[in-house]
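*Asks:* the sequence and its predicted three-dimensional model are supplied below.
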Amino acid sequence: IVDPEPDELPPDSLELLTVVFLWPWRFFQNRFVPFYKSSRETLKDHVMTILYGNSPYACTFQLTGINLLVFCSFTYLFIEVIALAFLPAHADYAIAVVGAIVWTVLAVELFLEW
């Protein structure tokens, strides 16, 4: 058995090193770059659709009875918490008036459903 000289690697080792170091480059060129290009185009189309408000990302506001009730429900649910956490004490009366109006709308709707 002949030992290789210290400065030289055996041919099998050299091939192994070539494969090990070239695999990430081949993966990058053959798999990642095409995936990136196709994903970039798809993402660009989605962003432009969202930006311009085209279907299915169109955002419209309509004032309907159901939307009014949902808005009143959320307002009634969160107005006291928001007032206690973020608003000064002199806004308590205004918050109470808004809460009373919202509560009245919700109570009238409940009464009309009965």
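*Replies:* Looks like it arrived, so ask away.
*Asks:* next, the buried residues of the helix or strand hosting residue 100.
*Replies:* Using DSSP states H and E, residue 100 maps to helix 92-113. Residues of helix 92-113 classed as buried: 102, 105 (neighbour count, 16 or more other Cβ atoms under 10 Å). The C-beta positions use only the backbone N, C-alpha and C, and glycine is treated the same way.
*Asks:* show me what that helix is in contact with.
*Replies:* Residues outside helix 92-113 that contact it (Cβ atoms under 8 Å, 6 or more residues apart in numbering) are 68, 69, 72, 73, 75, 76, 79, 80, 83, 87.
*Asks:* need the phi and psi values for residue 53.
*Replies:* Dihedral pair for residue 53: phi 70, psi 30, per degrees, to the nearest 10.
*Asks:* let me fix that, I meant to ask about residue 55.
*Replies:* With angles defined as degrees, to the nearest 10, residue 55 sits at phi -60, psi 140.
*Asks:* show me the contacts for it.
*Replies:* Neighbour list for residue 55: residue 49 [criterion: Cβ under 8 Å, 6+ apart].
*Asks:* how close does it get to residue 83?
*Replies:* 39 Å (Cβ to Cβ, to the nearest Å).
*Asks:* and residue 74, how close does it get to residue 66?
*Replies:* Per Cβ to Cβ, residue 74 is found 13 Å from residue 66.
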